[in-house]
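Novice: Please find the sequence and the predicted model below.
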Amino acid sequence: MKNLTAKLCLTFVVLLGSIGVSVSGDFQKGLTAVQSGDFATALREWTPLAILGNDAAQYNLGVMYDKGQGVTQDDKTAIKWWKLAAEQGYASAQNNLGFMYANGKGIPQDYILGYMWWYIAVSNGHKDAVFGRDAVSKLMTPTQIEKAQNLARECLRKKYKGC
């Protein structure tokens, strides 16, 4: 029985490995497809890459779901993909999360988390995030700003994990 279990496990691992090879996407092919308005091809190319952890594919899928390009518009799914990219340090995803939190788009409105994500995006060189961070700060108390800055510093220290 042990040998049968071991053989089945080995067969499963081999099959799983071959699936990974056969479903890998081509990022550039997806980008070219989006530029020509072929969102179905972009979705097909980027989804496997995003699942495997490609931050640019995750970010771009988030954009597609946010705008309803080739998929049903879905803020929650956009946020899911942007969080995955943001946790890898992708500044544009961090900027978009700041917007989503600050505006309560697809997620409960939270100025502190909006500010936090924009603060992090700014620290990663995203120039547009400065405007969002500064705008939301005008709606916050000094205590809220301090809390958001502390959360951002902690998130940076933890390399974006669990933010």
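Specialist: Perfect, thanks for sending it.
Novice: So which bits of the helix or strand hosting M100 are buried?
Specialist: Assessed by DSSP states H and E, M100 sits inside helix 91-103. Residues A91, S92, A93, Q94, N95, N96, L97, G98, F99, M100, Y101, A102 are the ones in helix 91-103 that count as buried (16 or more other C-beta atoms under 10 Å). For every residue, glycine as well, the C-beta is placed using N, CA and C.
Novice: any chance of those in a markdown table, plus pLDDT and distance to K76?
Specialist: Formatted as a markdown table, these follow (pLDDT from 0 to 100; distance: C-beta to C-beta, whole Å):
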| residue | pLDDT | distance to K76 |
| --- | --- | --- |
| A91 | 98 | 22 |
| S92 | 98 | 19 |
| A93 | 98 | 15 |
| Q94 | 98 | 18 |
| N95 | 98 | 18 |
| N96 | 98 | 13 |
| L97 | 98 | 13 |
| G98 | 98 | 17 |
| F99 | 98 | 15 |
| M100 | 98 | 10 |
| Y101 | 98 | 13 |
| A102 | 98 | 17 |
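Novice: Pick the one among the residues you listed closest to T47.
Specialist: Within the buried residues of helix 91-103, the smallest distance to T47 is 16.3 Å, found for A93 (C-beta to C-beta).
Novice: what sits against A78?
Specialist: G62, V63, M64, Y65, D66, N96, M100, G106 (C-beta atoms under 8 Å, 6 or more residues apart in numbering).
Novice: just to revisit the earlier point, just the angle between the helix or strand that the helix holding M100 is followed by and helix 91-103, please?
Specialist: Later in the chain than helix 91-103, the nearest helix or strand by DSSP H and E is helix 111-123. Angle of helix 111-123 versus helix 91-103, following axes from the mean of the first three to the mean of the last three C-alpha atoms, to 10 degrees, is 160 degrees.
Novice: Helix 111-123 - contacts with which helices or strands?
Specialist: Here helix 111-123 touches helix 91-103, helix 129-137, helix 142-157, going by 3 or more C-beta pairs under 8 Å, 6 or more residues apart in numbering; DSSP states H and E.
Novice: Would you mind giving these as CSV with distance to D110 added?
Specialist: Conversion of the helices and strands packed on helix 111-123 to CSV gives the following (distance: least, C-beta to C-beta, whole Å):
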stretch, distance to D110
helix 91-103, 5
helix 129-137, 10
helix 142-157, 9
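Novice: Alright, that wraps it up for me.
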